[in-house]
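[1] Coordinates only, no sequence provided:
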């Protein structure tokens with residue numbers, strides 16, 4: 001049994017395609033053969049769990065169907081967001097979009113119970129509270145509005161290509177596959193998934209043994225569920241929807257192979273808390289891939305722009321990134337390595353790896 005670790009991948013071909021105009025053919029190089037070869041597509045995640053923690057290993061030469069022999073093992077990746085201990089399941093043993101929300105979970109340590117509704121599991125700390133509530137920053141509350149959730153794939157996200165140079169979901173997906181090669185066959189979380197554009201792409205690709213569509217917004221998860229049910233050629237198996245706080249992720253430490261966050265870092269109230277949590281739950285060698293905006297402020301203007309940025313952040317709860325080095329430092333500070341950035345105007349895709 002060999003645990004896979006990430007290798008350094010050449011980004012020159014990807015960067016060159018940006019500089020010469022966006023193209024959909026990102027993988028006319030050896031890595032395309034590697035991803036599509038039977039050897040890589042047969043990678044699987046075998047999960048081993050102790051009473052307090054679950055770890056995921058990517059094992060060479062294992063068929064993806066083998067893990068279905070014991071589906072309860074896969075559920076060990078979920079943990080109580082209060083104490084990070086394992087959750088006891090009471091419900092359908094099948095791990096899927098339809099069955100998982102009907103389950104009830106209870107922490108084996110603090111005994112707090114968590115449950116789902118028609119569309120998703122609610123694994124926030126405040127799950128189940130009736131009188132207590134907390135105010136969230138405007139950037140978080142905005143995406144909880146049903147109208148924003150409805151519009152997100154009906155013009156909102158498409159505007160990113162015009163205003164910021166985002167290449168579009170399909171091309172972004174093709175780009176990130178280059179970084180995700182080392183963890184093919186493992187589990188992936190689509191953090192701040194919104195209406196689930198990338199969650200659906202991850203699931204339909206067949207490259208991952210488990211896809212978790214995660215967001216704080218209930219209305220976004222409802223929209224995500226509706227799109228999944230409408231989509232053709234997508235399996236409900238090994239795909240779950242989870243409501244969670246990015247700063248308090250309900251997953252066991254070192255249990256997840258990859259985390260993706262599309263156009264989300266700038267919306268998080270505390271990007272450092274979010275990336276630190278992602279670093280905690282990633283297994284050794286696990287990958288983090290994210291996209292966001294960079295304002296590109298000239299260095300002499302930094303002292304003048306920074307106070308304005310802080311004021312905007314305090315009011316909106318969002319973060320404006322001013323340089324690639326700022327993003328790289330964020331990942332490095334949270335314990336990630338092999339950090340790379342690819343740019344197209346304001347758009348940036350950053351990748352990082354948890355040390356093996």
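    Yep, it's here. None of the values given here were measured: they were computed from a predicted structure.
[2] How are the strands of the stretch 101-250 of the chain distributed by residue range?
    Shown for the stretch 101-250 of the chain, the strands assigned by DSSP state E, counting those that start in this stretch span residues 104-107, 113-115, 121-122, 187-191, 210-215, 239-243.
[3] Sheet-wise, list the partners of the fourth one with their directions.
    The pairing partners recorded for strand 187-191 under DSSP bridges are strand 210-215 (parallel), strand 256-261 (parallel).
[4] Turn those strands into CSV, columns for distance to residue 226.
    Where C-beta positions appear, they are placed from N, C-alpha and C, glycine not excepted. Supplementary listing: the strands paired with strand 187-191 in CSV, determined by distance: least, CB to CB, whole Å:
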stretch, distance to residue 226
strand 210-215, 12
strand 256-261, 21
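[5] quick one, which of these is nearest to residue 276?
    Closest approach to residue 276 among those (CB to CB): strand 256-261, 12.1 Å.
[6] pLDDT of that closest one, averaged?
    Mean pLDDT, computed over strand 256-261, is 98.
[7] if we can go back for a sec, any chance of the strands paired with strand 187-191 in JSON lines, with mean neighbour count and distance to residue 98 too?
    Rendered in JSON lines, the data for these read as follows (neighbours: other CB atoms under 10 Å; distance: least, CB to CB, whole Å):
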{"stretch": "strand 210-215", "mean neighbour count": "27", "distance to residue 98": "14"}
{"stretch": "strand 256-261", "mean neighbour count": "28", "distance to residue 98": "23"}
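[8] got any ranges where the stretch 1-150 of the chain has weak pLDDT?
    Regions of the stretch 1-150 of the chain meeting the criterion pLDDT under 70 cover residues 1-75, 93.
[9] Look through the chain and tell me its longest strand.
    As far as residue count goes, and with DSSP state E defining each element, the longest strand of the chain is strand 282-293.
[10] can you pull the buried residues of it?
    Of the residues in strand 282-293, 282, 283, 285, 286, 287, 288, 289, 290, 291, 292, 293 count as buried by neighbour count, 16 or more other CB atoms under 10 Å.
[11] Now do the nearest residue to residue 270 once chain neighbours are set aside against residue 143, distance only.
    Setting aside the residues directly before and after it, residue 270 is nearest to residue 247 in space (CB to CB, 6 or more residues apart in numbering), at 5.9 Å. Relative to residue 143, residue 247 is positioned 16 Å away (criterion: CB to CB, to the nearest Å).
[12] before we move on, what about residue 151?
    Residue 151 sits 11 Å away from residue 143 when distances are taken as CB to CB.
[13] ok so, going back, and the strands of the stretch 101-250 of the chain as a markdown table, adding distance to residue 277?
    Converted to a markdown table, those look like this (distance: least, CB to CB, whole Å):
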| stretch | distance to residue 277 |
| --- | --- |
| strand 104-107 | 18 |
| strand 113-115 | 18 |
| strand 121-122 | 17 |
| strand 187-191 | 9 |
| strand 210-215 | 11 |
| strand 239-243 | 14 |
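[14] Out of the ones you listed, which gets nearest to residue 326?
    Residue 326 sits nearest to strand 187-191 of all those, at 19.7 Å, using CB to CB.
[15] coming back round to it: please say which of residue 247 and residue 143 ends up with more neighbours.
    Using other CB atoms under 10 Å as the criterion, residue 247 and residue 143 rank with residue 143 on top: 21 against 18.
[16] Please work out which residues outside stretch 262-278 touch it.
    136-137, 139-140, 143, 157, 160, 166, 169, 172, 190-194, 197-198, 246-249, 259, 261, 288, 290-293, 317-321, 327, 330-331, 333-336 (CB atoms under 8 Å, 6 or more residues apart in numbering).
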